[in-house]
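**Q** coords please:
(one chain, ligands or ions: 1)
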Amino acid sequence: MTHDLIEQAKAILRRNDRGTYTVPTHGLYPFQWNWDSALSAIGFAHFDEDRAWTEIDTLFAHQWDDGMVPHIIFHEPDDGYFPGPDVWRTGRPVPTSGITQPPVAGFAVNRIFERARDKSLATQRARALLPQIHAWHQWFFRCRDPQGTGLVALIHPWESGRDNSVDWDAAFERVPTDGVEPFTRRDTSHANPAHRPTEDQYRRYIWLVQHFRSLGWNNAVLHDASPFQMVDPGFNAILIRSCADLADLADTLGEHDIASESRGMAKRGLEAFESLWSQPHGQYLCYDRIIDAHVDSPSIGGLLAAFAPLSRDRAAALAERIAVLAESCTYLVPSHDPKSPDFDGLRYWRGPIWLIVNVMIADGLKRGGQLAMANRIHASSLGLIEKSGFAEYYHPITAEPCGGAEFTWTAAMVIEILNTQEVAV
Ligand code: DGY
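**A** Sure thing, here's the model as predicted:
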């Protein structure tokens, strides 16, 4: 069974491989996506290390001069996706979007390096990527934390990866829709519209894109000019973890300046991180910078927090919270609390399970001493695959496969889980 699943997963990676980058799935997402790529590289690394490095090299070949790494790289024209380069108009030689995505590359590169069978290849490739990833991390704290709080804000829900999370609902009411140019969505012709964000959300997504475009994609002003400034614990946990991992990698490679700067960013982030903890919720919450308040929404962003190098007590508390969620679903980990009135088990990030988030939460919990819960999450993940195939996401009660099929990062996570499972003692 294990061997079969790994072979099926490898075949999906190969099918979505476009030579130097992979598409998340054919049809729905025909370009290179930032965090999809870095996480997929972890899957490739188990059977083709050179190809894994190339995936991340390609991503960073399109890094902006200010350090940002865009969330989409439009390598080849394709009318099957909206919004395409004609909407973003970022003026890049190879068109890209103008916003970023969760910075998992630092974590991914360190992981691929640590496990590398070909150390000389790994040293050469990691050494080239190190300053580029570091520049991206510095960009975050410079451009998305202008007040120096230690935590960064998202200026568009697409940056979080959790596009239509309940977390953004109230804040999104404040994003206008007037002046939005007419558009035709393409996602709903590839995937069931009931699994996707709503029309109203799309109008607000596009309003933000047009707004940032009118400001020339100048990251020195975008944060303060955005009516949406959200501090997401999941996103910040990824950034903090990537800074900490990059510090370790830099030390190994003898790049001590990068190591100490990265460690400093991770430390300041971790100190500020506790401001997002909510004792009544038993998890972390988002914080809305525009209204200066936490967001009362029990989403997976506050559980993905486990990916940061937190204290063992916090890891235990998050494992406990996930155990409570498990009482109201069949599979773990739902992207929103099934008991919340806003839960929707089919609609993207308002309830469904995503394997990439499962793997990151489990990884953090394992590091925090919560091996039993980490194993439970892995078992749930594999249960979903066996029942419903390699989907983009899954209903946490029925296991219905949702969104796109034959999904690259889902396949990559299956390879990762099956190659790294540990038994609790
Ligand atoms: C989409 O188009 O659904 C993406 O999540 C935006 O990056």
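**Q** the strands in the stretch 151-300 of the chain, which residues?
**A** 230-231, 277-278, 283-284, 287-288, 293-294 (DSSP state E, counting those that start in this stretch).
**Q** I'd like those strands laid out as TSV, including mean neighbour count and distance to residue 21.
**A** For every residue, glycine as well, the C-beta is placed using N, CA and C. Below are the strands of the stretch 151-300 of the chain laid out as TSV (neighbours: other CB atoms under 10 Å; distance: least, CB to CB, whole Å):
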stretch	mean neighbour count	distance to residue 21
strand 230-231	26	28
strand 277-278	16	38
strand 283-284	30	33
strand 287-288	20	34
strand 293-294	14	38
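**Q** Arrange those strands in a markdown table, one row each, with distance to the ligand and mean pLDDT as further columns.
**A** A markdown table is the format used below for the strands of the stretch 151-300 of the chain (distance: least, CB to the nearest ligand atom, whole Å; pLDDT from 0 to 100):
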| stretch | distance to the ligand | mean pLDDT |
| --- | --- | --- |
| strand 230-231 | 16 | 98 |
| strand 277-278 | 27 | 98 |
| strand 283-284 | 23 | 98 |
| strand 287-288 | 21 | 98 |
| strand 293-294 | 25 | 98 |
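**Q** Stretch 396-416: which residues count as buried?
**A** 396-397, 399-416 (16 or more other CB atoms under 10 Å).
**Q** and the end-to-end length of that stretch?
**A** End-to-end distance of stretch 396-416: 21 Å, with CA to CA, to the nearest Å as the criterion.
**Q** Neighbours of whichever residue of the stretch 51-200 of the chain sits closest to the ligand, how many?
**A** Across the stretch 51-200 of the chain, the shortest distance to the ligand (CB to the nearest ligand atom) belongs to residue 158, at 4.4 Å. Neighbour count for residue 158, taken as other CB atoms under 10 Å: 21.
**Q** what about the closest residue to residue 348 other than its chain neighbours, neighbour count?
**A** Distance criterion CB to CB, 6 or more residues apart in numbering; nearest residue to residue 348, sequence neighbours excluded, is residue 164 at 5.0 Å. Other residues within reach of residue 164, judged by other CB under 10 Å, total 22.
**Q** still on that earlier bit, which ones among the buried residues of stretch 396-416 map onto strands?
**A** 401-402 (DSSP state E).
**Q** Which residues of the stretch 1-150 of the chain lie near the ligand?
**A** Within reach of the ligand by CB under 6 Å from any ligand atom, the stretch 1-150 of the chain has these residues: residue 71.
**Q** For the stretch 1-150 of the chain, just list every one of the helices.
**A** Here the stretch 1-150 of the chain has its helices, by DSSP state H, counting those that start in this stretch, at 2-15, 34-45, 49-60, 85-88, 105-115, 119-143.
**Q** Pick the most buried one from these.
**A** helix 34-45 (a mean of 28; mean count of other CB atoms under 10 Å).
**Q** That one to helix 49-60, inter-axis angle?
**A** With axes from the mean of the first three to the mean of the last three CA atoms, to 10 degrees applied, the angle from helix 34-45 to helix 49-60 works out at 170 degrees.
**Q** returning to that earlier point: output the strands of the stretch 151-300 of the chain as TSV; include the columns distance to residue 103.
**A** Listed next are those as TSV, based on distance: least, CB to CB, whole Å:
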stretch	distance to residue 103
strand 230-231	15
strand 277-278	22
strand 283-284	18
strand 287-288	19
strand 293-294	23
